[in-house]
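In: Would you be able to build a 3D model of this:
(4 chains)
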There are 2 protein chains.
Amino acid sequence: MTGIRPGSVTLKDLAAELGLHPSTVSRILHGKADTARGAAAPVTAQRVRDLAKKVGYSPDPQATSLRTRRTHLLGVIVPRLSDLVLAVMYEGIDEAADDANYSTFVMNSRDDTLIQRRKMEIMLSRRVDGLIIGDAHLDGNILDELTERKVPFVLMNRAIAGFASATCDDTLGGALVAQHLWDQGHRDVSIIAGEPYASTAVDRTHGFVSRFRSLGGTIPEGAIVWSRFDTTGGHTAADSILRGTHPRPSAIFAVNDFAAIGAMGAANSHGLHVGRDLAIVGFNDTSLAAQLPIALSSVRSPMLDIGRVAVKLLLGVLNGDAVESVRLAPVLCVRDSSDFTWVAG
Amino acid sequence: MTGIRPGSVTLKDLAAELGLHPSTVSRILHGKADTARGAAAPVTAQRVRDLAKKVGYSPDPQATSLRTRRTHLLGVIVPRLSDLVLAVMYEGIDEAADDANYSTFVMNSRDDTLIQRRKMEIMLSRRVDGLIIGDAHLDGNILDELTERKVPFVLMNRAIAGFASATCDDTLGGALVAQHLWDQGHRDVSIIAGEPYASTAVDRTHGFVSRFRSLGGTIPEGAIVWSRFDTTGGHTAADSILRGTHPRPSAIFAVNDFAAIGAMGAANSHGLHVGRDLAIVGFNDTSLAAQLPIALSSVRSPMLDIGRVAVKLLLGVLNGDAVESVRLAPVLCVRDSSDFTWVAG
DNA sequence: GTTCACTACCCAATCGTTTGGGTAGTGAGG
DNA sequence: CCTCACTACCCAAACGATTGGGTAGTGAAC
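Out: Purely as a prediction, here's the structure:
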């Protein structure tokens, strides 16, 4: 449609073609409220807009942001995009940013503090307008630094007290699982708790533990096993749980679907049939959960929305608003992996 | 370390501080070969570099590319980042681009031709130096247009004749699976073939079929079922296969791990034990395959490398080199889902 | 003591926009 | 006829870097 690669035609070209001054053309193509401030005659304005459309004029973003000091670029930093959870959140970001006419850089930090720093510097040196941080560690010292440097940013997925974030209500999510397992009659449970530096892991675990205890249950220290977030991490953790000396739990809560899948594998190799001998519940309800050979119970977190909200928050910050953290409510999806009613009934 | 947000200090500031002209500073900080062309005295050069490092000078990329007409930005377009395969490839891109001092935009097209176009225009209007296209459709008319508009680009994952691409040798991959299933004694096989517009799907299917036939096997038309690439797609396809009238196959090749997982689910609900009653082989060997309750046989494709190679190719194109497509070799990983030897032996 | 070739710099234009501040021209009011 | 307030524009200076083309100054050769 546009014919040629955008960028060929400049404001000056348009102005010359129409016998106008570039500044006039700029004002016309720029705003609406401005036009009223005496920018141009309606007729001229229309001529300008018509030509602009016809030749497919699109302003040079480099030139624009050189002048305006705004790039309309958002930086997104996540542990890894190959983590489905973050990938879906990024899709939400992509959509929301697109709607607001922003573009996004996204980089993987592998949850490594050094890489985190490096990627952030790269983004800042690209002059992004703001940052969405999806890999915050609970000892968030980088964040203080960013605040001090007056970099606009918000957190996503993981929350840190004192900073604006878009997350799932992980504490509630954990509690839902505790309630469910308790209701199913489980009294000996273990938790595959994830990485201790991630608020998601900590909050889900904490939410689970405190609800379970408030129901009258007990959870010994040894029942909580920290682990990586991936399948291997889950496998290893479940293995150590099932191999443990204390009474083998009848249910395991993994704070992440992938860890849960790993746990299913481990259960299998221990000769346990998941859903009958051992209940397993995951978190996030990724697209896989429902499709597994033994469908996995999981807490559905609104990943797409979390991404979208993160963008909205950040745009708020950029706009100078005082923004509040948003915690979206999760929903428990019970499936075969933890549904014992058919056994009991 | 850097103290303040980069961008605060400019070339002019440096020059003023040192009593030099900005152009001199620019030349010093720019190249090495240039320096020899009479840029500055070694002593001065050192002074400049020291100060630059001390104050954390980093050139404004907008200003630079306004002048040089190069943004050091690569555009990446994929169907969806929530497809693990593409996410991993993107990690490869991220790394390679980083090494070469480029940054990347990545956008999701959902394999929708309209969105595809729109996202491309966005990237071009951002003045990316080149494009990595991960969602090419076999009727690649957009590509001709891009060529005509002289946009530098390469394909990734999916190949189209006549354009440079970084892919897995999908035909070979399909053939490996055919050979394996044949060797295991399977004579009735079905294929969950994926989307017919994707070269990955077509080539893997074709590779499988032609090897199987050359071994003396037959594959009726009805044994090839096109499908979406995700778990649901695989489930539906497998369901229709297992429900079919013709003799139920003893093995299914799904051209994608997620489709294979869906197929496992379907097999399950048909009362078939995968690995004993029915063999299933996937493709890509994503991190899940080995961890599933029944470990999934899969063709390992070097996803990370494909991403890296795509960047290398694109940089070649940008450099004016004549680049050749690269097809990386896959490796078959046999696991429980298709290993019948313990039954036969 | 010119010319010559360096060395080590400086000058100024330029990339494409934006934006604060003009200024001709017009019609009305006094 | 002068002032005044518009309207509908134009001017020029930025923004921060790059780059082709100078030019003082120095030492050596003739």
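
In: Verify the contact between A:V202 and A:I191 for me.
Out: No: contact status for A:V202 versus A:I191: not in contact, 11.2 Å apart, counting by C-beta atoms under 8 Å. The C-beta positions use only the backbone N, C-alpha and C, and glycine is treated the same way.

In: In chain A, mark out all the helices, start to finish.
Out: Secondary structure of chain A by DSSP state H: the helices cover A:11-18, A:22-30, A:33-36, A:42-55, A:61-68, A:84-99, A:113-125, A:141-148, A:170-183, A:199-214, A:231-243, A:257-269, A:303-318, A:341-344.

In: out of those helices, deepest packed?
Out: Among the helices of chain A, helix A:257-269 has the highest mean neighbour count (mean count of other C-beta atoms under 10 Å in any protein chain shown), at a mean of 26.

In: Put the alpha carbons of that one into PDB.
Out: Extracted C-alpha coordinates of helix A:257-269, given in PDB (Å, rounded to 0.1, in the frame of the first residue of the first chain):
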ATOM      1  CA  ASP A 257       2.900 -25.600  36.600                       C
ATOM      2  CA  PHE A 258       6.200 -26.600  35.200                       C
ATOM      3  CA  ALA A 259       7.500 -27.600  38.600                       C
ATOM      4  CA  ALA A 260       4.200 -29.500  38.900                       C
ATOM      5  CA  ILE A 261       4.800 -31.400  35.700                       C
ATOM      6  CA  GLY A 262       8.200 -32.300  36.900                       C
ATOM      7  CA  ALA A 263       6.600 -33.500  40.100                       C
ATOM      8  CA  MET A 264       4.200 -35.700  38.100                       C
ATOM      9  CA  GLY A 265       7.200 -37.300  36.400                       C
ATOM     10  CA  ALA A 266       8.800 -37.900  39.700                       C
ATOM     11  CA  ALA A 267       5.600 -39.400  41.200                       C
ATOM     12  CA  ASN A 268       5.400 -41.600  38.200                       C
ATOM     13  CA  SER A 269       8.900 -43.000  38.700                       C
END
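
In: To what extent is A:N284 buried, counted in neighbours?
Out: Using other C-beta atoms under 10 Å in any protein chain shown, A:N284 has 26 neighbouring residues.

In: Quick check: it touching A:P302?
Out: No: counting by C-beta under 8 Å, A:N284 sits too far from A:P302 to count as a contact (10.0 Å).

In: still on that earlier bit, take the helices of chain A and lay them out in JSON lines including mean pLDDT.
Out: Output for the helices of chain A, formatted as JSON lines (pLDDT from 0 to 100):
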{"stretch": "helix A:11-18", "mean pLDDT": "93"}
{"stretch": "helix A:22-30", "mean pLDDT": "92"}
{"stretch": "helix A:33-36", "mean pLDDT": "54"}
{"stretch": "helix A:42-55", "mean pLDDT": "92"}
{"stretch": "helix A:61-68", "mean pLDDT": "96"}
{"stretch": "helix A:84-99", "mean pLDDT": "97"}
{"stretch": "helix A:113-125", "mean pLDDT": "95"}
{"stretch": "helix A:141-148", "mean pLDDT": "92"}
{"stretch": "helix A:170-183", "mean pLDDT": "98"}
{"stretch": "helix A:199-214", "mean pLDDT": "98"}
{"stretch": "helix A:231-243", "mean pLDDT": "94"}
{"stretch": "helix A:257-269", "mean pLDDT": "93"}
{"stretch": "helix A:303-318", "mean pLDDT": "98"}
{"stretch": "helix A:341-344", "mean pLDDT": "51"}
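
In: do you know which of the ones you listed lies nearest B:V43?
Out: B:V43 sits nearest to helix A:113-125 of all the helices of chain A, at 28.1 Å, using C-beta to C-beta.

In: Contacts (any at all) between DNA strand D and the closest one?
Out: No: figure legend: helix A:113-125 not in contact with DNA strand D (C-beta under 7 Å from any atom of the strand); closest approach 10.1 Å.

In: one step back: using a markdown table, lay out the helices of chain A together with distance to DNA strand C.
Out: Formatted as a markdown table, those follow (distance: least, C-beta to the nearest atom of the strand, whole Å):
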| stretch | distance to DNA strand C |
| --- | --- |
| helix A:11-18 | 3 |
| helix A:22-30 | 3 |
| helix A:33-36 | 8 |
| helix A:42-55 | 10 |
| helix A:61-68 | 3 |
| helix A:84-99 | 19 |
| helix A:113-125 | 19 |
| helix A:141-148 | 26 |
| helix A:170-183 | 42 |
| helix A:199-214 | 39 |
| helix A:231-243 | 49 |
| helix A:257-269 | 45 |
| helix A:303-318 | 15 |
| helix A:341-344 | 63 |
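
In: Identify whichever of the ones you listed lies nearest to B:S338.
Out: helix A:257-269 (17.1 Å).

In: next one: the closest one to chain centre, how far?
Out: The chain centre lies 24 Å from the centre of helix A:257-269; the measure is C-alpha atoms, centre = their mean, to the nearest Å.

In: the inter-axis angle of that helix versus helix A:84-99?
Out: Interaxial angle, helix A:257-269 versus helix A:84-99 (axes from the mean of the first three to the mean of the last three C-alpha atoms, to 10 degrees): 160 degrees.

In: and helix A:257-269, what does it pack onto?
Out: Contacts defined by 3 or more C-beta pairs under 8 Å, 6 or more residues apart in numbering or on different chains; DSSP states H and E place helix A:257-269 against helix A:84-99, strand A:189-194, helix A:231-243, strand A:251-254, strand A:279-284.

In: now the first one: how far from the chain's centre is it?
Out: On the basis of C-alpha atoms, centre = their mean, helix A:84-99 sits 7 Å off its chain's mean C-alpha point.

In: so, in contact with chain B or not, that helix?
Out: Yes: shown here: helix A:84-99 in contact with chain B (C-beta under 8 Å from any C-beta of the partner chain) through A:84, A:87-88, A:90-91, A:94, A:98.

In: Between those residues, which sits nearest DNA strand D?
Out: Closest approach between the residues of helix A:84-99 next to chain B and DNA strand D, by C-beta to the nearest atom of the strand: A:D98, at 26.2 Å.

In: For that closest one, give me its contacts.
Out: B:107, B:122 (C-beta atoms under 8 Å, 6 or more residues apart in numbering or on different chains).

In: Check the one 5 residues further on too.
Out: When contacts are counted by C-beta under 8 Å, 6+ apart, A:S103 touches A:72-74, A:97, B:105, B:122, B:126.

In: With A:R80 instead?
Out: By C-beta under 8 Å, 6+ apart, the contact set of A:R80 is A:86, A:108-111, B:87, B:91.

In: switch to 10 Å and redo it
Out: A:R80 makes contact with A:86-87, A:108-111, A:134-135, A:229-230, B:87-88, B:90-91, B:94 under the criterion C-beta atoms under 10 Å, 6 or more residues apart in numbering or on different chains.

In: distance of A:L84 from B:F258?
Out: 11 Å (C-beta to C-beta, to the nearest Å).

In: what residues are shared contacts of those two?
Out: Shared contacts of A:L84 and B:F258, counting by C-beta under 10 Å, 6+ apart, come down to A:287-288, B:83-84, B:288.

In: Save the residues of helix A:84-99 next to chain B as TSV, and put in distance to A:V55 too.
Out: Below are the residues of helix A:84-99 next to chain B laid out as TSV (distance: C-beta to C-beta, whole Å):
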residue	distance to A:V55
A:L84	43
A:A87	38
A:V88	39
A:Y90	35
A:E91	34
A:D94	29
A:D98	24
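
In: Thanks a lot, catch you later.
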